[in-house]
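Enquirer: fold the following and give me the result.
(one chain, ligands or ions: 1)
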Amino acid sequence: MPSPLRPRLAAVLALSLGALLAVTALVVRPASAASTLNQLAKAQGRYFGSATDNPELSDTAYTAILGSDEFGAITPGNSMKWDATEPSQGQFSYAGGDAVVNFAKAHNQIVRGHTLLWHNQLPGWLTSGNWTAAQLTSILQNHIANVAGHYKGQVYSWDVVNEPFNDDGTYRSDLWYNTLGTDYIATALKAARAADPNAKLYINDYNIDGLGAKSDAMYNLVKSLKAQGVPIDGVGFQGHLAIQYGFPTNMAQNLQRFADLGVDVAITELDVRMVLPTDATKVATQAQYYTNVVKACLAVSRCVGITIWDYTDKYSWIPGVFSGQGSALPWDENLAKKPDVYGAINTALGGSGGGGTTPPPATGCKVAYSANDWGSGFTATITITNGSSAINGWTLKYSYAGNQTLSQGWSGTWSQSGKDVTVTNASWNGTLAAGASTSVGANFTYTGANTAPTAFTVNGTTCT
Ligand code: 9MR
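Expert: So this is what the prediction gives:
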C-alpha cells in the first residue's frame, strides 16, 4: 500500500536539493569572478597592465592574452617615442601608436602614453641639429602639441619626461639638459597640459623604486615643480629589477613620500630579471620580488596601478640588452603562465594564485640524441621519453662542447646561451603520459669537432 508520506518526502527532498544547488551556485560564482590580474587589481581600485610593441600585434596567440582581462592597461613600448612619431622635422607619423591605441580600445583597456621626451630614440635630424635654446624649446613644444594633441582624450596618462636623472641623482647630460638646463622639464609638462588637459602627466625613471640618491633627486624635483605650480600629476617608477642586485630599499615608504607631495604614483615598467639558467631558488626570489612590488603599491592609496614591461619572455627586452640574463616576466616564451611568478602576483593582488602547478620532475626520463652531420652543420634529432609519472610541460637542457650554433629548431622552442641549449615544449607536445615519447629537432652550424652531448635534463631531472 502506498504511503501518503512518500510523495511529500520526495517533494521535500527535491526542494532541499534545489536549494542546495542554488546555494552552491551562489557560493561558487563570486569566488571565480575576480581571478585575473586586472580583475583583482580593479577590485582594489587599481589597474594591472602590460607593455606591448607593434610587431607583436600580429602574433595572435600573444594578442589573445594581451587583450584578455589579465590586463586593463597597455603601454606602447616604442611607437609613441620621438623617432617613431616625428621621424623628420614637422612630419608626424602615428600609424604605430594608433594601432596600439585601437587594440586597447577594442579590449576596453586604458593607454599609458610613452614617452614625449627622452634622451634615447631621438631622430637624427634632432640629435644632429646645433640648436639654440629658443629653437630647441620651440621644437619641443611643437612635438608635444602635435603628439599629445593627436592622442588627446585617448590616453589615460603621458610619460611626459622619461629618465631625467643619473643614478647619483645629478641631471643626465643630454640634448635637453645641455641646451636648456632644467627648464625643459617644466616646458614639456606645460605643453602636455595644454595639448591634452585630461591626461595625467608623469615623470618616469628607473632606479628610483627605493629610497636613495636618485629617488631623492626625483623627490626634490617633483616638490619644486609643485611649488612652482607646474602641472605634474604622477611619478612613474619603472621597476626594472634584478634579483642579483637586491630589492629596492623601503619601496612602500618611498612611494608614500611621493604620494604625500600630492601626486599619483605607478609602477610603470616592471620586470625582474636573473642570470640564466633559472633554478628553483632564483625563481623563489623573483616571485618574492614581484610580491613585494605588488604589496608596496597596494600599501599606498595613490599607487594607481602596475604595468609589466611586456608580459612574456618571448618579447622581453632583457636578453638583448643584458647578455645571459632573462626569464623576467610572469609568462614564459611559450606564452604559458609561470606557476610561481604568475601565482605570486595573483596572490599578492588578493587572488588564489591560479598559475597552475610546477611540472613535476620527469623521474626516470630517457633522452636519445642523433645527428645527421654534413661537415659544416647538422640536424639534431632528440627523442624525450617520459619517466614514471605524467608531465604537463617540459624543459630539456643540454650543452655542446664545441662551437655548435643553433640556426633553427622545430617541435619546441629552442634557445641557446653560449654552449647551453634549452628546448621547451610546443603547445601540442607538452603533455606526456608516463612512458610517452616526443621528438624535437634543430639545425646547427659548427666548425672543428662535433661531439655529441651525453648529459641531458628534463624539468631539472637528469635523464639516462
Ligand atoms: O622596450 C623598449 C625596447 O623595445 C627598445 O629597444 C628600447 C630602446 O631604448 O626601449 C625599451 O623600453 C625602455 C623604455 O622606453 C624606458 N625605460 C627602459 C625600457 C627598456 O629599455
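Enquirer: use CA for all of it now, contacts and neighbours both
Expert: Noted.
Enquirer: and the residue of the stretch 251-400 of the chain nearest the ligand?
Expert: Proximity of the stretch 251-400 of the chain to the ligand (Cα to the nearest ligand atom) peaks at Trp317, 5.4 Å away.
Enquirer: what about that residue, how many neighbours?
Expert: By other Cα atoms under 10 Å, 15 other residues sit near Trp317.
Enquirer: Thr137 against Tyr184, yeah?
Expert: Yes - using Cα atoms under 8 Å, Thr137 makes contact with Tyr184 at a distance of 7.4 Å.
Enquirer: ok, back up a step: what pLDDT does the residue of the stretch 251-400 of the chain closest to the ligand get?
Expert: Trp317 is assigned a predicted lDDT (pLDDT) of 98.
Enquirer: spell out which parts of the stretch 51-200 of the chain neighbour the ligand.
Expert: 77-78 (Cα under 6 Å from any ligand atom).
Enquirer: can you pull out the strands in the stretch 51-200 of the chain?
Expert: Ranges of strands in the stretch 51-200 of the chain, per DSSP state E, counting those that start in this stretch, are 73-76, 110-117, 157-162, 200-205.
Enquirer: for the shortest one, packing partners?
Expert: Packing contacts for strand 73-76, counted by 3 or more Cα pairs under 8 Å, 6 or more residues apart in numbering; DSSP states H and E, involve strand 47-52, helix 95-106, strand 110-117, strand 303-308.
Enquirer: what's near enough to touch Ser50?
Expert: Residues counted as contacts of Ser50 (Cα atoms under 8 Å, 6 or more residues apart in numbering) are 66, 71, 73-75, 307-311.
Enquirer: as TSV, the strands of the stretch 51-200 of the chain with mean neighbour count and mean pLDDT would be great.
Expert: Compiled in TSV, these are given as follows (neighbours: other Cα atoms under 10 Å; pLDDT from 0 to 100):
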stretch	mean neighbour count	mean pLDDT
strand 73-76	28	98
strand 110-117	25	98
strand 157-162	25	99
strand 200-205	26	99
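Enquirer: for the stretch 51-200 of the chain, which residue gets nearest to the ligand?
Expert: Using Cα to the nearest ligand atom, the point where the stretch 51-200 of the chain gets nearest to the ligand is Gly77, with a distance of 4.8 Å.
Enquirer: state the distance from that residue to Ala84.
Expert: Relative to Ala84, Gly77 is positioned 11 Å away (criterion: Cα to Cα, to the nearest Å).
Enquirer: list residues touching both of these two?
Expert: Taking Cα under 8 Å, 6+ apart as the contact definition, Gly77 and Ala84 share no neighbouring residue.
Enquirer: what about the residue of the stretch 51-200 of the chain closest to the ligand, neighbour count?
Expert: Neighbours of Gly77 under the rule other Cα under 10 Å: 21.
Enquirer: separation between Gly418 and Ile185?
Expert: Using Cα to Cα, Gly418 is found at 43 Å from Ile185.
Enquirer: more neighbours: the two, which one.
Expert: Neighbour comparison, Gly418 and Ile185: the larger count goes to Ile185, with 21 against 12 (by other Cα under 10 Å).
Enquirer: any idea where the helices of the chain begin and end?
Expert: Using DSSP state H, the helices assigned to the chain run over residues 5-33, 37-43, 60-66, 82-85, 95-106, 124-128, 133-150, 175-180, 183-195, 213-228, 251-259, 280-298, 318-321, 339-348.
Enquirer: for the last one, which outside residues touch it?
Expert: Where contact means Cα under 8 Å, 6+ apart, the residues beyond helix 339-348 that reach it are 35-37, 40, 283-284, 286-288, 290-291, 294-295, 329-331, 352-358.
Enquirer: for the fourth one, same thing?
Expert: Contacts of helix 82-85 from elsewhere in the structure, counted by Cα under 8 Å, 6+ apart, are 78-79, 92-94, 96, 115-117, 121-123, 147.
Enquirer: chain center to that helix: distance?
Expert: 22 Å (Cα atoms, centre = their mean, to the nearest Å).
Enquirer: that helix - what's its average pLDDT?
Expert: pLDDT averaged over helix 82-85 equals 98, rounded to a whole number.
Enquirer: also stretch 427-434?
Expert: The predicted model gives stretch 427-434 an average pLDDT of 83.
Enquirer: one more: stretch 384-399?
Expert: Stretch 384-399 comes out with an average pLDDT of 87.
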